[in-house]
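[1] Would you be able to build a 3D model of this:
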Amino acid sequence: MKTKLVVTVFLTSLLFLYGCSQNEDNVQETQSKSQDLTKVKGKSASKGSSEIHRRYPKEQAEVLATFGAIATNITLGAGLGPNSDFMDQLISFHAYDDNFVEFNNGLSYDSAGNEANERALFGTIVDPGGVQKFAAVPGTLKVAVYFGNVANLTFISDFELMIGGNLHKVNNLITLLFVKTNGEWKMNHEHHSPVNVEEAIESSTGSNPSVPDFGSEAQQEVLTTFGAIAQTIIDGAGKGYDSEYMDKLISFHAYGKKFVEFNNGESFDSAGNEHNERTLFGEVVSNVQYFNAAPGTLKVAVYNGNVANLTFLSDFILDFNDGTTGFRVNNLITLLFVEVKGEWKLVHEHHSDYKGQIDWPYPL
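    Take a look at the predicted model:
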């Protein structure tokens, strides 16, 4: 009875959080960093075609229903073993292939690693009936649908799990990328990172993604765009908040109500993202010594020719205006691009600390 109540409360929470209206304007905005953005007022106006702002209420409802089904199977299958019917059903919500990447607990996982993690965590580690709460923090749940067949679900988790008889609260920044496949919504990417500092649950396996094949034209276009972003950051480092380089950097984004950035354990909207990037690269960083992906970690997954998910482990070396030099940045990064009028634009970013072993040579 208690388990059924938890599931009912979660599904009801989805409707409450996201709203019964089919108008996205009624959705509460993601909890964002509140800052004085007088410098950027007017600069974060919506950019790009109507696709960036178009509402897909039917598809949003479908994704939320899928997310609810995922929660139901996690709740009902908790502690019943890694190979229970509930865990099999949970895994069926994923679309595993060479492009699948999970970033979690500071590590990178492929399809096999993700499946092992989920079966172990929810089937074995969590106590039987141990999902006390599985919901989103009010006001943080967003479903951004692009072209009717790709959906980016973002939220701050409010989970309460019983493990070994002890209650564990899990508050993570979570990105779940869904693609509609044969009429069903399947997860193609997951990125989990703690809100500020939280105790992490150890995952069972870890691996670096294999070297991908960037053979398609769309993949090459996204990589070219990413290269242009990198070059703009390198050229504009320390040149000022309002420099032409920072203006160009911002132009690679498609800002609007769908845009969410998760970074440094916090959530930001369009204006917050613009302020962050102008401040960091225009004022805080004085020089970029190295800006690349760690060997073998860069992947570009293109869906339906117009949405691309770029994931990698960063290997940046930066100098700062306070005199710090050679600061190495190793983050797990998700960048979601949408093609807008022939150009690839950023619509979501998720950055989190890498906690694995650095087993590749120092680049300089």
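[2] ok, Asn292 touching Trp360?
    No. Here Asn292 does not reach Trp360: they are 10.7 Å apart, not a contact under Cβ atoms under 8 Å. From N, CA and C alone the C-beta is placed, and that goes for glycine too.
[3] Need the residues touching each of these two.
    Overlap of the contact sets of Asn292 and Trp360 (by Cβ atoms under 8 Å, 6 or more residues apart in numbering) consists of Asp315.
[4] ok, the residue lying closest to Ile229 once chain neighbours are set aside - how many residues close by?
    Spatial nearest neighbour of Ile229, chain neighbours left out: Phe252 (5.3 Å); criterion: Cβ to Cβ, 6 or more residues apart in numbering. Neighbour count for Phe252, taken as other Cβ atoms under 10 Å: 19.
[5] Give me the pLDDT for Phe252.
    pLDDT for Phe252: 99.
[6] Return the distance of it relative to Gly236.
    12 Å (Cβ to Cβ, to the nearest Å).
[7] Then Gly256?
    Taking Cβ to Cβ, one finds Gly256 at 24 Å from Gly236.
[8] Compare these two (neighbour count), which wins?
    Neighbours per residue (other Cβ under 10 Å) separate Gly256 from Gly236, with Gly236 holding more: 22 against 18.
[9] Excluding sequence neighbours, find me the nearest residue to the more buried one.
    In space, Gly236 is closest to Tyr245, 2.5 Å off (Cβ to Cβ, 6+ apart).
[10] can you pull the pLDDT of that neighbour?
    Tyr245 carries a pLDDT score of 99 in this model.
[11] Which strand or helix spans the nearest residue to Gly305 once chain neighbours are set aside?
    Distances taken as Cβ to Cβ, 6+ apart place Ala218 nearest to Gly305, at 5.7 Å, with adjacent residues excluded. Element membership of Ala218, judged by DSSP states H and E, is helix 217-236.
[12] all strands for the stretch 51-200 of the chain, in order.
    With DSSP state E, counting those that start in this stretch as the criterion, the stretch 51-200 of the chain has strands at 101-104, 107-109, 131-136, 142-146, 150-163, 166-170, 172-181, 184-194.
[13] now those strands in JSON lines, with mean pLDDT?
    Below are the strands of the stretch 51-200 of the chain laid out as JSON lines (pLDDT from 0 to 100):
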{"stretch": "strand 101-104", "mean pLDDT": "98"}
{"stretch": "strand 107-109", "mean pLDDT": "98"}
{"stretch": "strand 131-136", "mean pLDDT": "96"}
{"stretch": "strand 142-146", "mean pLDDT": "98"}
{"stretch": "strand 150-163", "mean pLDDT": "98"}
{"stretch": "strand 166-170", "mean pLDDT": "97"}
{"stretch": "strand 172-181", "mean pLDDT": "98"}
{"stretch": "strand 184-194", "mean pLDDT": "99"}
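[14] Out of those, flag the one nearest Thr311.
    Of all the strands of the stretch 51-200 of the chain, it is strand 101-104 that lies closest to Thr311, at 4.7 Å by Cβ to Cβ.
[15] Off-centre distance for the closest one?
    9 Å (Cα atoms, centre = their mean, to the nearest Å).
[16] before we move on, the earlier item: ok, the residue nearest to Gly305 - contacts?
    Ala218 neighbours (Cβ under 8 Å, 6+ apart): 302, 305, 308, 339.
[17] picking that back up, ok, now how distant is the residue nearest to Ile229 from Ala237?
    Distance from Phe252 to Ala237, by Cβ to Cβ: 16 Å.
[18] repeat for Val307
    From Val307 to Ala237 the distance is 30 Å (Cβ to Cβ).
[19] Low-confidence ranges, the stretch 201-350 of the chain, go.
    In the prediction, the stretch 201-350 of the chain carries residues with pLDDT under 70 at positions 201-215.
[20] Quick check: bridge partners of His253?
    When bridges are called by DSSP bridges, His253 pairs up with Leu346.
[21] and it, how many residues sit next to it?
    Around His253 there are 22 residues (other Cβ under 10 Å).
[22] Phi and psi next, for Trp360.
    Backbone geometry at Trp360, expressed as degrees, to the nearest 10, gives phi -120, psi 160.
[23] That one reaches Pro295, doesn't it?
    Yes. Here Trp360 lies in contact with Pro295, judged by Cβ under 8 Å, at a distance of 5.0 Å.
[24] in the stretch 1-150 of the chain, which spans are helices?
    2-18, 57-77, 85-92, 111-120 (DSSP state H, counting those that start in this stretch).
[25] Where among those is average confidence lowest?
    helix 2-18 (a mean of 40).
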